[in-house]
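Peer 1: Give me the fold of what follows.
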Amino acid sequence: MTKSTTGRKTSTVRIPGTGVSYVTTSSHRRPARNAAVRAPQHPRPQTARQIISDETWRELLAADETAPASKFQRDFVRAAVARATGKRPSLMHLTLGQAARVLECVGQSPAKLTAGGRGVPGLEKAGTFAQWTLFGLLVLVVTVSSPAGFVLGAGIVGLMFLVRKRRRDRQAWEDATWAASPVSTVEGIAVPDVQIEAPANHAAPEQVAFQTKAPRSPVTRPASSDRPLYRVSLGRSEWPNVEVVGEHAYSQAIKAALRANNAPVAVRSDSEAEGVQVELVAEPDNPYDANAISVRWRNQVLGYLSREDAVRYAQPVRRIIASGFTAATTARIWAYDVGDRLQTRVTVTLPEPELIAPLNEAPAGLTTLVPWGSAIQVLKEEDHFEILFNYVPQEGAGLLLVSLHKAIHTLKNGAERPFVEVRLNGERVGELSNVTSAHLLPLLEHTETVGETALAYARITGSALAAQLVLHVAKATEISNDWLSEGPHPAPRLLPRAAGYEVPPAYAT
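Peer 2: Prediction:
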């Protein structure tokens, strides 16, 4: 082994008499540090803390008649305020209306009050039991783990009581300071209590407020008298996925809907009904939110879509109503009667807004709309991009009404092979493979025999470079004899797509 002045080591291993050797080199010299070229250390950006004045707190915590918030809902609101302001209030007497106002003030969505099972009595009881169980196990483990464990366990318990005392003292201060000048009304912040969803990422949102009672004027105008129904799900199976807000203001209507669906409400028990037929009613005359969409059962309001969802679904729902239809869907209703109040949760079935109403109109003539079915890829749509390009929406995805026609391929040996051709407003935009065509040809032969043109829904996705078309249609083996005998089944004719639609007033007389 040799070592040079530069710090390099050379190790040589030889086997005498064989001429076999192995040489390795290594260097332990450390590079010189240069403070001048060291990367600058940027200070971590400090998050700006929000300041909420006592006057604002008095408005946010104005007395109302909404139901008290549960323990987990209060804790969620306290944590949201702590993240925004750096200070954690007590809020032991918080109600749902107050909680929604506080969350909106700190930039959080009030819909999170019911997310993750918050407000559900059974789940909250289980969560509380789990918390106390873990706390007891922690104290037990600390106590028996060492000779001084008893002292540590007593310290943990004492610390818990100290934290609880500090919170009670904080609550006393809040009661004396933030409730010193109670606000009798919250007019001028303006939206009913049913609109407890924070406006999210919308340009120039309207100012939001919460009314703690039901709307000042009852809904007396029939919203769907003698109007045909337009099923927003278009026949596809969907699970109630959109939360309704403000249900607590309409407990009587919710009880009536549960009773009608064989799920009567009893004290200290929960009731649930699924598949309840409800309607979506746009309320352009709503004094709190011009985009408001109420969820109604037999013309009784069960709640409202959140402000954010109302903006997303305003265009397709208003298009349906302006075309002379009633937007209908299904809902799941859950309620728990705690004795002095009714805890409720309503969710409705809503596809994505762009998949509710087709972009184009149904073609003229005698047509029948084939029921919604599994997805079938349309082939050779790339050969007709100049047609499809005109129908690709800015959102990148949309729904179209296409017609299906039986066509013939003539092979080189002269044999003929039938297939299904897909047309959009009379123009060819693709075809189906031989395998998928075989599933639909018996149905097309039937519709041609009775003089009808078969229509189907197709989803278009794409951009300025390419477009893809996916058909959603039931196969011939999935069509019932009743459907065939009751035909034709014309597609609902909607108004052309536009930026806005005039709909009749529906909030109050």
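
Peer 1: ok, now how distant is R417 from L444?
Peer 2: Distance, R417 to L444, by CB to CB, to the nearest Å: 15 Å. No exception for glycine: its C-beta is placed from N, CA and C like everyone else's.

Peer 1: between the two, who's got more neighbours?
Peer 2: Taking neighbours as other CB atoms under 10 Å, R417 and L444 compare with L444 leading, 22 against 11.

Peer 1: Give me the phi and psi angles of the more buried one.
Peer 2: The phi/psi pair for L444 (degrees, to the nearest 10) reads phi -70, psi -40.

Peer 1: and it, what pLDDT?
Peer 2: What the model reports as pLDDT for L444 is 93.

Peer 1: mind listing what the residue lying closest to it once chain neighbours are set aside touches?
Peer 2: Using CB to CB, 6 or more residues apart in numbering and skipping the chain neighbours, the partner closest in space to L444 is K406 (4.7 Å). By CB atoms under 8 Å, 6 or more residues apart in numbering, the contact set of K406 is 418-421, 441, 444-445, 448.

Peer 1: So K406 belongs to a helix, correct?
Peer 2: No. The assignment for K406, made by DSSP: H, G, I helix; E, B strand; the rest coil, is strand rather than a helix.

Peer 1: Residue nearest the middle of this structure, spatially speaking?
Peer 2: Nearest to the mean C-alpha position of the chain, counting by CA atoms, centre = their mean, stands V242 at 5.5 Å.

Peer 1: hang on, isn't it packed against R345?
Peer 2: No. Counting by CB atoms under 8 Å, V242 does not reach R345; the two are 12.0 Å apart.

Peer 1: Quick check: which element contains the closest residue to H446 other than its chain neighbours?
Peer 2: In this structure, H446 finds its nearest non-sequential neighbour in L484, 6.7 Å apart by CB to CB, 6+ apart. Here L484 sits within helix 481-485, counting by DSSP states H and E.

Peer 1: Tell me the helices and strands packed up against that helix.
Peer 2: Identification of packing neighbours for helix 481-485 by 3 or more CB pairs under 8 Å, 6 or more residues apart in numbering; DSSP states H and E yields no helix or strand.

Peer 1: Give me the pLDDT for E187.
Peer 2: Confidence score, pLDDT, at E187: 32.

Peer 1: let me redo that: H93
Peer 2: For H93, the model assigns a pLDDT of 80.

Peer 1: got it, and E104?
Peer 2: With respect to pLDDT, E104 scores 81.

Peer 1: any low-confidence regions in the stretch 401-509 of the chain?
Peer 2: Residue ranges of the stretch 401-509 of the chain with pLDDT under 70: 508-509.

Peer 1: just the strands in it please.
Peer 2: Taking DSSP state E, counting those that start in this stretch to define them, one finds strands in the stretch 401-509 of the chain at 416-424, 427-431, 453-462, 467-472.

Peer 1: Of all those strands, which one comes closest to V144?
Peer 2: strand 453-462 (61.9 Å; CB to CB).

Peer 1: ok and the closest one relative to strand 427-431, angle-wise?
Peer 2: Using axes from the mean of the first three to the mean of the last three CA atoms, to 10 degrees, the direction of strand 453-462 lies 80 degrees away from that of strand 427-431.

Peer 1: Strand 453-462 vs strand 416-424, what angle?
Peer 2: Counting by the same axes, to 10 degrees, strand 453-462 lies at 70 degrees to strand 416-424.

Peer 1: which secondary structure elements does strand 453-462 contact?
Peer 2: The contact analysis (3+ CB pairs under 8 Å, 6+ apart) places strand 453-462 against strand 367-369, strand 397-410, helix 434-449, strand 467-472.

Peer 1: Could you list the paired strands of it along with their orientation?
Peer 2: strand 367-369 (parallel), strand 397-410 (antiparallel), strand 467-472 (antiparallel) (DSSP bridges).

Peer 1: now the strands of the stretch 401-509 of the chain in CSV, with distance to L134?
Peer 2: Formatted as CSV, the strands of the stretch 401-509 of the chain follow (distance: least, CB to CB, whole Å):
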stretch, distance to L134
strand 416-424, 59
strand 427-431, 59
strand 453-462, 47
strand 467-472, 48
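
Peer 1: Number of residues surrounding A115?
Peer 2: Other residues near A115 number 11, with proximity taken as other CB under 10 Å.

Peer 1: I'd like the numbering to begin with 736 instead of 1 from here.
Peer 2: Sure, I'll start numbering at 736, so the last one becomes A850.

Peer 1: Contacts for the helix holding L1219 next, please.
Peer 2: Here helix 1216-1220 makes contact (CB under 8 Å, 6+ apart) with 1106, 1181, 1224.

Peer 1: again, but for stretch 1183-1192
Peer 2: 969, 1093, 1097-1098, 1100-1105, 1107, 1134-1141, 1178-1179, 1182, 1206-1208, 1222-1223, 1226.
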